[in-house]
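>>> sequence first, then the predicted structure:
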Amino acid sequence: MKQNFSAEHKKYLNKLKTQTALTHIARILLLALIVGLWELMASSGLVDPFITSSPSRIISKLTEMFSSGSIWQHISVTLYETLLAFLISTILGSLVAILLFMCLPLKRILEPYLVVLNSLPKIALGPLIIIWMGVGTSAIVTMGVLICIVITTISMLNGFLEIENEKIMLLKSMGANKFQILFKLILPASLPNFISVLKINVGMAWVGVIMGEYLSSKAGLGYLLVYGGQVFQLDLVMTTIVLLCVLAGLMYMIIALLEMYVNKKRK
């Protein structure tokens, strides 16, 4: 059904579209400016391209790695570990948050421990993780899960607790039990918060996996970063960083598209 908008509303919508377009253009121009200045400074000798690399050298390295096919194994390994850590931590963290919300005495008991675990530098657990889980994918995914799961639990639990108590009391007065309240009110109302948690976990999962690959890996983008630094191949290091930015950005875009779909369904 076609909607009829007033002239003022149409003007407002056009203004929003213009602002969005200008924002996208400004982002592209800013990126082009940074890349251009970087290349100019490297080519003119203002900075040493051996130390900072340059866009042209990164493109050359990317072309070389994709032509030889060597990069695909490293991308697939890191992407698999990241997705696994992302899914495990999101599911487990959400389930723990639901459990704590359903049993508030347990929440009051465990809350200080969650705060301590969240503030603990997870890299300090690296040696223990390697001993417990061994060298390889298990240790790396465990590191990624540890980085994300506590944040997921705390964020989801806080979202549950922010729901108006009046709505919960209304459902209780109508005879709803805990599970009905959970599935009919709490979870649907917490969907925007869950999307926000997914956005956070995208970045945190990549951080955790790369940290894990620093400690224990024979392949992956984190391995390339360590190897490139050890042999002073700064072009390899910078190229790997660019690949990580692209992959993390694509993963974030998927979550953003999911958010748009959810918001459209909720309207």
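Perfect, thanks for sending it. Quick caveat, the model's predicted, so the values are computed rather than measured.
>>> drop to CA atoms for contacts and neighbour counts, all remaining ones
Fine.
>>> for the host helix or strand of residue 73, which positions count as buried?
Using DSSP states H and E, residue 73 sits within helix 70-102. Across helix 70-102, burial judged by 16 or more other CA atoms under 10 Å covers 71, 74-75, 77-90, 92-98, 100-101.
>>> what's the local residue count around residue 21?
12 (other CA atoms under 10 Å).
>>> so how far is residue 77 from the spatially most central residue of the chain?
Nearest residue to the geometric centre of the chain (CA atoms, centre = their mean): residue 202, 1.4 Å. According to CA to CA, to the nearest Å, residue 202 stands 16 Å off from residue 77.
>>> please apply the same query to residue 49.
In terms of CA to CA, residue 49 sits 29 Å off from residue 77.
>>> over to residue 122?
In terms of CA to CA, residue 122 sits 21 Å off from residue 77.
>>> who are the packing partners of the helix or strand in which residue 10 is found?
Assigned by DSSP H and E, residue 10 belongs to helix 7-44. Counting contacts by 3 or more CA pairs under 8 Å, 6 or more residues apart in numbering; DSSP states H and E, helix 7-44 is packed against helix 49-52, helix 55-68.
>>> average pLDDT across it?
In this model, helix 7-44 carries a mean pLDDT of 86.
>>> please apply the same query to stretch 257-267.
Rounded mean pLDDT across stretch 257-267 is 79.
>>> off-centre distance for the helix holding residue 10?
Put simply, helix 7-44 sits 24 Å off its chain's centre (CA atoms, centre = their mean, to the nearest Å).
>>> quick one: it to helix 55-68, angle?
Helix 7-44 runs at 90 degrees relative to helix 55-68, counting by axes from the mean of the first three to the mean of the last three CA atoms, to 10 degrees.
>>> in helix 7-44, what's buried?
38, 39, 41, 42.
>>> so what's residue 225 closest to, chain neighbours aside?
Leaving aside its sequence neighbours, residue 225 sits nearest to residue 237 (CA to CA, 6 or more residues apart in numbering; 5.1 Å).
>>> just checking, what packs against the helix or strand that neighbour falls within?
In this assignment (DSSP H and E), residue 237 forms part of helix 234-266. On a contact count with 3+ CA pairs under 8 Å, 6+ apart, helix 234-266 meets helix 49-52, helix 55-68, helix 191-215, helix 221-230.
>>> at 7 Å what do you get?
On a contact count with 3 or more CA pairs under 7 Å, 6 or more residues apart in numbering; DSSP states H and E, helix 234-266 meets helix 55-68, helix 191-215, helix 221-230.
>>> before we move on, the earlier item: local confidence estimate at the residue nearest to the centre of the chain?
The model's pLDDT for residue 202 equals 91.
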